[in-house]
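Chemist: just a sequence and a predicted model for now, questions to come.
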Amino acid sequence: MARYMNLRGMGVALVTPFKQDKSIDYPALARLLEYIIQNKADYLVVLGTTAETPTLSEAEKTELKRFIAERVRRRVPMVLGVGGNNTMALVDYLKNTDLSDYEAILSVVPYYNKPSQEGIYQHYKAIAQASPLPVILYNVPGRTGVNMTAETTLRLARNFDNIIGIKEASGNITQMDDIIKNKPEDFMVISGDDGITFPLITLGAVGVISVIGNAFPKEFSRMVRLALEGDFERALHIHHRFTELFSLLFVDGNPAGVKCLLNAKGLIENELRLPLVPTKITTYQKIREVLSKL
């Protein structure tokens, strides 16, 4: 059975714009969606980590899903973040939620609980068996507190046809290369880190789920496409233009950096919900300086 394969290229991990009173800024979100789509993003990831999902109420998540689907109008594929550390609650959600606007779900390794590798495998087995949509694994040990090993990833890839890929943000190039080298042919490895997208594509990744793509969808998606086409020289040139910005965007946490950047470009307010706060003034000034050079 062939896996779902249209999620090549640059996906954008969409931010949630807020007003100064911390309510969701829907007009800004509508503008941002048009900006990203018109500038050639390949797909969107809705309600992921970058959306500050832990600070959103269930009612807000429901309205965001409706609003985004209504504005996107299937012009690009959408992936929905469906993750957590309560497996039974996720299974119930997948069985009882209308997911018809989405092409796949993105589900993070359970956080805080620190499950064993067998626990991670059984968690994803339950999700794969319950999900009406293809599943993309998401390994980000810096946030979850536990790393899903290459062995566990490959075991899941081989055993479940509807587990179609992994967003890998472990930062461990050796682990990522091990997955790429030994995976089923149609299983996708997607970079979860803007800064290593270029080298990871040269190893065989199919693209990135990007944070910086919120602010630079045209430029960064071009870098990804050039790399996928094997034009490494021109792709590397674009990669190097963004090197300084990669580190600045995450020095004060995500999505503080990209919201600062989007604010500097006049697209959204520089507002986050606690416990997250905006970037330091020094970081903001450095981002503006790099932006003026770009």
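Modeler: Sure, I can see it. Residues are numbered from 1 along each chain as shown.

Chemist: and the helices in the stretch 51-200 of the chain, which stretches?
Modeler: 58-72, 87-96, 117-130, 141-144, 150-159, 173-182, 197-203 (DSSP state H, counting those that start in this stretch).

Chemist: just for the stretch 51-200 of the chain, where's the confidence low?
Modeler: The model of the stretch 51-200 of the chain has no residue with pLDDT under 70.

Chemist: Serialize the helices of the stretch 51-200 of the chain to CSV and add fields for distance to residue 256 and mean neighbour count.
Modeler: Bear in mind the C-beta positions are built from the backbone N, C-alpha and C, glycine included. Converted to CSV, these look like this (distance: least, CB to CB, whole Å; neighbours: other CB atoms under 10 Å):
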stretch, distance to residue 256, mean neighbour count
helix 58-72, 20, 15
helix 87-96, 28, 14
helix 117-130, 29, 18
helix 141-144, 14, 15
helix 150-159, 29, 19
helix 173-182, 26, 17
helix 197-203, 21, 20
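
Chemist: can you list these in a markdown table and add distance to residue 34?
Modeler: Shown next, in a markdown table, are those (distance: least, CB to CB, whole Å):
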| stretch | distance to residue 34 |
| --- | --- |
| helix 58-72 | 8 |
| helix 87-96 | 29 |
| helix 117-130 | 33 |
| helix 141-144 | 30 |
| helix 150-159 | 36 |
| helix 173-182 | 33 |
| helix 197-203 | 24 |
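
Chemist: strands of the stretch 101-250 of the chain, residue ranges please.
Modeler: Under the criterion DSSP state E, counting those that start in this stretch, the stretch 101-250 of the chain contains strands at 104-108, 135-139, 163-168, 188-191, 207-210.

Chemist: look up how far residue 37 lies from residue 213.
Modeler: 11 Å (CB to CB, to the nearest Å).

Chemist: which of those two has more neighbours?
Modeler: Neighbours per residue, other CB atoms under 10 Å: of residue 213 and residue 37, the larger number sits with residue 213, 29 against 17.

Chemist: hmm, the more buried one is touching residue 10, no?
Modeler: Yes - checked against CB atoms under 8 Å, the pair residue 213 and residue 10 is within contact range at 5.4 Å.

Chemist: which residues are common contacts for those two?
Modeler: Here residue 213 and residue 10 have 41, 220-221 as joint contacts, going by CB atoms under 8 Å, 6 or more residues apart in numbering.

Chemist: give me the buried subset of those.
Modeler: Buried residues within these, counting neighbours by 16 or more other CB atoms under 10 Å: 41, 220-221.

Chemist: pick out whichever of those sits closest to residue 90.
Modeler: Closest approach between those and residue 90, by CB to CB: residue 41, at 26.9 Å.

Chemist: now name the helix or strand holding the closest one.
Modeler: Using DSSP states H and E, residue 41 falls within no helix or strand.

Chemist: what sits against it?
Modeler: 10-12, 76, 213, 217, 221.

Chemist: pull the most distant pair out of these.
Modeler: Top of the distance list for those (CB to CB): 76 and 213, 11.8 Å.

Chemist: state the pLDDT value of residue 252.
Modeler: Looking at residue 252, its pLDDT is 89.

Chemist: correct me, but it touches residue 276?
Modeler: No - taking contacts as CB under 8 Å, residue 252 lies outside contact range of residue 276: 9.1 Å.

Chemist: burial of residue 293, as a residue count?
Modeler: 8.

Chemist: hang on, the earlier thing: which one among the contacts of residue 41 gets closest to residue 204?
Modeler: Among those, and counting by CB to CB, the member closest to residue 204 is residue 10, at 16.6 Å.

Chemist: in a strand, that closest one, correct?
Modeler: Yes - counting by DSSP: H, G, I helix; E, B strand; the rest coil, residue 10 is found in a strand.

Chemist: let the chain start at 8 from now.
Modeler: Sure, I'll start counting at 8 from here, so that last one is residue 17.

Chemist: how far away is the closest residue to it other than its chain neighbours from residue 30?
Modeler: Among residues not flanking residue 17 along the chain, residue 228 sits closest, at 4.1 Å (CB to CB, 6 or more residues apart in numbering). Using CB to CB, residue 228 is found at 31 Å from residue 30.

Chemist: can you list contacts of stretch 56-64?
Modeler: Outside stretch 56-64, the residues within contact range by CB under 8 Å, 6+ apart are 20-23, 54, 68, 71, 88, 115, 147, 150, 218, 221, 261-262, 265, 279-281, 283.

Chemist: and those, which are buried?
Modeler: Buried among these by 16+ other CB under 10 Å: 20-23, 54, 68, 71, 88, 115, 147, 218, 221, 261-262, 265, 279, 283.
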